[in-house]
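In: Give the three-dimensional model of this entry:
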Amino acid sequence: TILFVSHNMAVVEKLCQRTIVLDQGRIEYQGETADAIHYYLNKMLAANNPDGHVFDLSDAADRRSNVGKLLKRVELYNEDDLPVLEGIRIGTGLKVKIFFDLRKPTRSFDMGLAFDSMFGQRIFTAHSLFEPVRPTGEWVGPQVFVCHIPSFTLMPGTYNLRIWLDINHAEADLINYAAKVTVLESDYYGTGKAPWNGAFVLKHNWYVEQPAKIEP
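Out: You can find the predicted model right below:
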């Protein structure tokens with residue numbers, strides 16, 4: 001028998017047939033690995049999420065911080081600035097508002113936002129380093145950083161959000177299971193057929209360039 005201990009859900013899923021979830025050294029759940037992972041992830045997120053679209057990060061679990069708890073909360077909105085309560089449909093806009101503190105006047109800071117599958121596979125990473133237009137000057141005190149994704153095209157399912165704050169190009173505060181978002185089916189292609197496999201959808205076209213000529 002091999003006892004494997006990890007917070008990496010992808011590795012746990014691959015290596016283990018049965019899984020135990022511990023809390024403060026006590027067994028909270030044991031059973032099939034897929035069921036245990038689902039229990040663990042929901043437990044991590046439930047404590048942060050009393051209001052549906054608002055995730056309180058003040059005492060979030062699975063946190064790695066070098067300068068204190070700077071990440072405060074996350075709020076999810078759709079393209080019309082309405083709270084995302086049940087989920088968003090494929091291809092609609094998503095706004096992720098991240099509330100955090102800068103305890104000292106700071107010129108250089110960035111936010112990372114990763115979307116992982118429920119089993120820990122990285123699907124997409126958004127990072128403020130990729131933003132071409134950035135304000136200049138010093139910032140201090142409470143801040144709100146908004147990540148706007150005009151067309152959120154991940155496949156239907158639930159995704160975990162990993163969030164981290166970098167200050168002066170060094171990691172300052174990171175939370176692995178900060179929030180979650182559910183993507184719902186939609187007629188993304190306008191054909192009456194919902195996409196059903198893969199990781200994301202892309203607009204594309206099919207056409208016949210030149211009909212084949214059949215020789216007699």
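In: ranges for the strands of this protein?
Out: Shown for the chain, the strands assigned by DSSP state E span residues 18-23, 26-32, 54-56, 63-65, 71-78, 88-89, 94-106, 109-116, 122-127, 139-149, 157-167, 170-184.
In: Nearest to G190 among these would be which one?
Out: Nearest to G190 among the strands of the chain is strand 88-89; the distance by C-beta to C-beta comes to 13.1 Å. Every C-beta, even on glycine, is put in place using the N, C-alpha and C of the backbone.
In: Enumerate every residue touching the residue nearest to K104 when sequence neighbours are not counted.
Out: Spatial nearest neighbour of K104, excluding adjacent residues (C-beta to C-beta, 6 or more residues apart in numbering): V140 at 6.5 Å. Contacts of V140 were listed using C-beta atoms under 8 Å, 6 or more residues apart in numbering, and they are 102-106.
In: could you dump the residues you listed to CSV with distance to L202 and neighbour count?
Out: Listed next are the contacts of V140 as CSV, based on distance: C-beta to C-beta, whole Å; neighbours: other C-beta atoms under 10 Å:
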residue, distance to L202, neighbour count
L102, 37, 17
R103, 42, 12
K104, 43, 10
P105, 43, 10
T106, 37, 14
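In: Go through the strands of the chain and find the least confident stretch.
Out: Sorting the strands of the chain by mean pLDDT places strand 88-89 lowest, at a mean of 88.
In: Please identify the pairing partners of that one and their relative orientation?
Out: Its sheet considered, strand 88-89 pairs with strand 170-184 (parallel) by DSSP bridges.
In: now the strands of the chain as CSV including distance to Q210?
Out: As requested, the strands of the chain are exported to CSV (distance: least, C-beta to C-beta, whole Å):
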stretch, distance to Q210
strand 18-23, 55
strand 26-32, 53
strand 54-56, 54
strand 63-65, 57
strand 71-78, 43
strand 88-89, 37
strand 94-106, 41
strand 109-116, 41
strand 122-127, 37
strand 139-149, 38
strand 157-167, 39
strand 170-184, 38
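In: Would you agree Q143 is in contact with K97?
Out: No. With contact defined as C-beta atoms under 8 Å, Q143 does not reach K97; the gap is 10.7 Å.
In: can you tell me which residues contact the closest residue to K72 other than its chain neighbours?
Out: Spatial nearest neighbour of K72, excluding adjacent residues (C-beta to C-beta, 6+ apart): F99 at 4.4 Å. By C-beta under 8 Å, 6+ apart, the contact list for F99 reads 71-75, 142-144.
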